[in-house]
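Participant: Return a 3D structure for these sequence lines:
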Amino acid sequence: MRPIPETENALVLRTDFSNEAAWEDARSAITAPVGDFEAHVTFVSDPDYEGISKADLLHALEGTPRSYLFVVDEKTLADTEHPILVIDLFEDHGRTFRVIPHEMWSVENNLSIGNMDFSEFADAVDDDGVFRGF
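Facilitator: From the prediction side, this is the model:
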């Protein structure tokens, strides 16, 4: 497996390659502005990461300055809402929640500047574990 690239923007890592149309829909939804806001992300779509487990991702990102990671996995591509997996790499290492693309800007913007903590979003998810906004 290649090293996960370092980027200035938040990283969106694709780990499922089963549905190209759903991937393009998710990408478009992630990058769509919401009013004056948008998610500042870099997409990595490399088959080397297909099916990588959360444990392997956590291992691969040990020592990184990155504090969170967005993952487009099988569930993201199978669900019409495209809920993206968010993994905490800092505060509560390995904790996860999902976020719909329309609200991803809020998570990315606030976590990237330290305005909010991972737990504030993770604790605000709906019963199905998906953050759809405050």
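Participant: Please enumerate the strands of this structure.
Facilitator: Listed in chain order, the strands of the chain (DSSP state E) span 10-14, 41-44, 68-72, 84-88, 96-99, 130-131.
Participant: among these, which is nearest residue 2?
Facilitator: Checking the strands of the chain against residue 2 by C-beta to C-beta gives strand 41-44 as the closest, at 9.5 Å. Every residue, glycine included, has its C-beta placed from N, CA and C.
Participant: pLDDT of that closest one, averaged?
Facilitator: What strand 41-44 shows for mean pLDDT is 96.
Participant: so what strands line up beside it?
Facilitator: Partner strands and pairing direction for strand 41-44 (DSSP bridges) are strand 10-14 (parallel).
Participant: which residues in the protein form helices?
Facilitator: Along the chain, counting by DSSP state H, helices occupy 20-31, 54-60, 74-78, 101-112, 118-122.
Participant: Any regions of the protein where pLDDT drops low?
Facilitator: Filtered on pLDDT under 70, the chain yields the residue ranges 1.
Participant: Residue 124 versus the spatially most central residue of the chain, what's the distance?
Facilitator: Ranked by distance to the mean C-alpha position of the chain (C-alpha atoms, centre = their mean), the top residue is residue 70 at 1.6 Å. Using C-beta to C-beta, to the nearest Å, residue 70 is found at 17 Å from residue 124.
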